[in-house]
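1. Only the shape, not the letters, is given here:
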């Protein structure tokens, strides 16, 4: 009987150790905070080359440019970029050849992993033309 008690206690200690190790691993691999690395796939389905891309917290003018190795050719081509660290809600500024700039406001980069640029309004009327710090509603 004594051997059974020793075996059962050893078994319990082993199971508890494994559970503790699992919990420890889950704690380090848990949900990513706002500083985590996020990726966004940009699909350029327009006729123009995309020459620049920048992200800002929604509603702010604190844009951070994303380095592009080369312009993203129009129709259709894609690239995956690293989103600068920060919160989930972002304004995305896309610049095309000829300095035409579109603003995609309030994109949730935590829930969305892609942005499709199309002729017309890619965000159902929520795009805006931006020229010389003046914003006017409309589509390209």
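-> Received it, and whenever you're ready, just let me know what you need. Predicted model only: the values in this text are computed from it and were never measured.
2. As a check, name the ranges of all helices in this protein.
-> Here the chain has its helices, by DSSP state H, at 2-28.
3. Show me the shaky parts of it.
-> Scanning the chain for pLDDT under 70 picks out 1-36, 120-140.
4. domain assignment for the chain?
-> Listed by automatic domain parsing, the domain ranges of the chain are 1-30, 38-137.
5. Just give me the neighbour total for residue 87.
-> By the other C-beta atoms under 10 Å criterion, the neighbourhood of residue 87 contains 12 residues. Where C-beta positions appear, they are placed from N, C-alpha and C, glycine not excepted.
6. nearest spatial neighbour of residue 84, skipping sequence neighbours?
-> Leaving aside its chain neighbours, residue 84 sits nearest to residue 64 (4.3 Å; criterion: C-beta to C-beta, 6 or more residues apart in numbering).
7. Residue 56 is in contact with the one you found, correct?
-> Yes - with contact defined as C-beta atoms under 8 Å, residue 64 and residue 56 form a contacting pair (7.0 Å).
8. Those two: which is more packed in?
-> residue 56 (18 against 14).
9. Look up phi and psi at the closest residue to that one other than its chain neighbours.
-> Excluding the flanking residues, the one nearest residue 56 by C-beta to C-beta, 6+ apart is residue 63, at 4.3 Å. Backbone torsions for residue 63, taken as degrees, to the nearest 10, come to phi -80, psi 140.
10. Could you list which residues are in contact with the nearest residue to residue 97 once chain neighbours are set aside?
-> Leaving out its chain neighbours, the residue that sits closest to residue 97 by C-beta to C-beta, 6+ apart is residue 49, at 4.5 Å. Shown in contact with residue 49 (C-beta atoms under 8 Å, 6 or more residues apart in numbering): 71, 72, 73, 74, 96, 97.
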